[in-house]
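need a 3D model of the following:
(one chain, ligands or ions: 2)
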Amino acid sequence: MDNHSLKSQTLAAPVFEPSDFSPGSLFVVEQLQEHGFDAYVVGGAVRDLLIGKHPKDFDVATNATPEQIKQCFRNARIIGRRFQIVHVRVGREIIEVTTFRRGHEEERSEQDARASQSGRLLRDNVYGSLEEDARRRDLTINALYYDTSSHQFIDQLGGQADVEDRVIRIIGDPAARYREDPVRMLRVVRFAARLQFDLESDTESAIASVRTLLTDIPPARLFDEWLKLFMNGFSAPTFRLLRHYELLTSLMGEAASPATQGEPALELQQLALGNTDRRVADGRPVTPAFLLAALYWPAVQACAEQLAVSGESPIQAMHSAGQQIVQQACQHLAIPKRFSLAMRDIWDLQPRLERMQPKKIKDHLAHRWFRASFDLRLLREQTDALGDDCSAFWTDQQQRYPELVGSARARREERSERRPRRRRRNRDS
Ligand code: ATP
Ligand code: MG
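Ligands and ions are numbered 1, 2, ... in the order given. You can find the predicted model right below:
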């Protein structure tokens, strides 16, 4: 028996208080059990309680099927395509309820689940036991179950020992599990960065052999994952680990990897990440548009410089470069239009702010992305050995006309509030 299984057998099971759980999760577990089903709070919430953190949301796992779950509640909706889950609304809370499923290895019939040639799982709606459900999860620390009625704690794969040892360990054979779903590599990095845990050695070493599979993942799913990686307050350590494991390029494209662009580029990216994390910690709003604009800035700048050499004006060059880099980025990440347009506005304003033209002051101040663009300018001045004349100028202007800053946005939103847009029926067609 290895140290890991030995340790997991000697640990005392934790006991949590009802007040550790949200009212909604307690209600959902109780209600399912009253209807004769097994039900547990599962995954991230139990992990966070073990660590001593307050869980951000509560998921429930049960042996009831989605249809049966639905019948236990007044306000429940079956959602999901890749696998069906049920959203149960309890007051203002939404509890995600999943049926125990078995994973790829436990497949009994070829038709139960389909895998692509590389071994990637395409559909896995195959129900199973709690044991099977635990094994199909990604990490030992996420395969923890807690029955809030009986206080039974179920840990079949040594997740509690790994929490104690601060270790991220993939369940099963890491290379095979990454092949089934390459996004698990990003999840490993996300949890390592967020919890400040280390990667167990096989979990770590397998990444090198499969990292290129990340390029097979649909850009829309990568963008969802990008948001979880970068908008949750630990983007700086996440970025560092993604670079370390050479996953950044598959996620964000070459344009986000300033390996060939030198130290100032990396420094600018790190400052932007640090600012974003501080804002999250302070509870201030963050927008993906600013961080994306900063992360891709070194590439945009290099591209614009090249275009300017071939004769385009600085403003035109910046505009074309923005278009090119967004296009490159979108081959990896499906950046929604509202963000990519904002990124391009933030970049377009850079050469305009630099001109400090008196005639344009009020227009630029009123621009809805003025603040973000000004913030990017500040980062550039810190890292690019630019003088600070430009930021000093715009600091003065903001003090002179504070009511103008970003006012174009306010005006537009006011307009759309007064005159609600008619909803078009076939928006996607
Ligand atoms: P968070 O606190 O970030 O929500 P979480 O552990 O709850 O962390 P989720 O992304 O909400 O993470 O996923 C819920 C659970 O589903 C996880 O705990 C994990 O057990 C399982 N899971 C999610 N994605 C995968 C995946 N790609 N492969 C295997 N299991 C997964
Ligand atoms: Mg969760």
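
test my guess that residue 270 contacts residue 238.
No: using Cβ atoms under 8 Å, residue 270 is not in contact with residue 238, being 11.8 Å away. The C-beta positions use only the backbone N, C-alpha and C, and glycine is treated the same way.

give me the more crowded residue out of those two.
More crowded of residue 270 and residue 238, by other Cβ atoms under 10 Å: residue 238, with 24 against 17.

what residues are up against residue 300?
For residue 300, the contact set (Cβ atoms under 8 Å, 6 or more residues apart in numbering) comprises 255, 318, 321-322, 325, 347.

now it: which helix or strand?
helix 297-309 (DSSP states H and E).

just checking, what packs against the following helix or strand past that helix?
Using DSSP H and E, the helix or strand that follows helix 297-309 towards the C-terminus is helix 314-330. Here helix 314-330 touches helix 297-309, helix 337-355, going by 3 or more Cβ pairs under 8 Å, 6 or more residues apart in numbering; DSSP states H and E.

so which helix or strand takes in residue 391?
Using DSSP H and E, residue 391 maps to helix 389-400.

starting at the chain centroid, how far to that helix?
Between the centre of helix 389-400 and the centre of its host chain there is 35 Å, according to Cα atoms, centre = their mean, to the nearest Å.

just to revisit the earlier point, nearest to ligand 1, of the contacts of residue 300?
Nearest to ligand 1, judged by Cβ to the nearest ligand atom, of the contacts of residue 300 is residue 255 at 26.1 Å.

distance of residue 330 from residue 296?
Here residue 330 is placed at a distance of 11 Å from residue 296 (Cβ to Cβ, to the nearest Å).

so which of the two has more stuff around it?
The neighbour comparison of residue 330 against residue 296 (other Cβ under 10 Å) goes to residue 296, with 26 against 16.

neighbours of the residue in the chain that ligand 1 sits nearest to, how many?
Using Cβ to the nearest ligand atom, the closest approach of the chain to ligand 1 is made by residue 44 at 2.5 Å. By other Cβ under 10 Å, the residues close to residue 44 number 19.

got a markdown table for the helices and strands packed on helix 314-330, with distance to ligand 1 and mean pLDDT too?
Shown next, in a markdown table, are those (distance: least, Cβ to the nearest ligand atom, whole Å; pLDDT from 0 to 100):
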| stretch | distance to ligand 1 | mean pLDDT |
| --- | --- | --- |
| helix 297-309 | 28 | 94 |
| helix 337-355 | 21 | 96 |
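
ok, the host helix or strand of residue 145: who's next to it in the sheet?
Assigning secondary structure by DSSP H and E places residue 145 in strand 144-147. If you go by DSSP bridges, strand 144-147 pairs up with strand 39-42 (antiparallel), strand 152-155 (antiparallel).

centroid-nearest residue for the chain?
residue 228 (1.3 Å; Cα atoms, centre = their mean).

ok, now which ones touch that residue?
Contacts of residue 228 by Cβ under 8 Å, 6+ apart are residue 190.

same question, residue 404
Neighbour list for residue 404: 362, 365-366 [criterion: Cβ under 8 Å, 6+ apart].

from the residues you listed, keep the buried residues only.
365-366 (16 or more other Cβ atoms under 10 Å).

using a markdown table, please lay out the contacts of residue 404 together with pLDDT.
A markdown table is the format used below for the contacts of residue 404 (pLDDT from 0 to 100):
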| residue | pLDDT |
| --- | --- |
| 362 | 91 |
| 365 | 93 |
| 366 | 92 |
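
quick one: which of the contacts of residue 404 sit in helices?
For those, the ones inside helices are 362, 365-366, with DSSP state H as the criterion.
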